[in-house]
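Asks: sequence? don't have it. structure:
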């Protein structure tokens with residue numbers, strides 16, 4: 001049996017685990033934990049139309065033209 005130690009940031013290195021893998025942790029009994037690898041369901045890639053709709057609804061997307069913004073913010 002291999003022994004692993006938790007570091008100061010409460011991380012544990014699992015032998016054989018790859019970066020980006022996620023695990024569900026369950027306490028089976030006091031002091032005994034079970035890990036189950038979580039495999040995310042595949043998601044279809046968004047279409048170009050869906051991406052355009054997301055970008056248009058983004059709060060960071062300006063709602064006015066540059067000319068209108070320039071007119072509002074510049075002195076006459």
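Replies: Yep, it's here. Because the structure is a prediction, the values reported are computed rather than measured.

Asks: and the residue nearest in space to the middle of the chain, how far is that from residue 37?
Replies: Geometric centre of the chain, nearest residue: residue 20, 10.8 Å, by CA atoms, centre = their mean. Counting by CB to CB, to the nearest Å, the gap from residue 20 to residue 37 is 12 Å. C-beta here means a position set from N, CA and C on the backbone, and glycine is covered the same way.

Asks: below-threshold pLDDT in the protein: ranges please.
Replies: Applying pLDDT under 70 to the chain flags the ranges 76.

Asks: please enumerate the strands of it.
Replies: Applying DSSP state E to the chain gives strands spanning 22-29, 32-38.

Asks: kindly list the longest helix within this structure.
Replies: Assignment by DSSP state H gives helix 48-57 as the longest helix of the chain.

Asks: does residue 27 really touch residue 35, like I thought?
Replies: No. At 11.0 Å, residue 27 does not count as touching residue 35 under the criterion of CB atoms under 8 Å.
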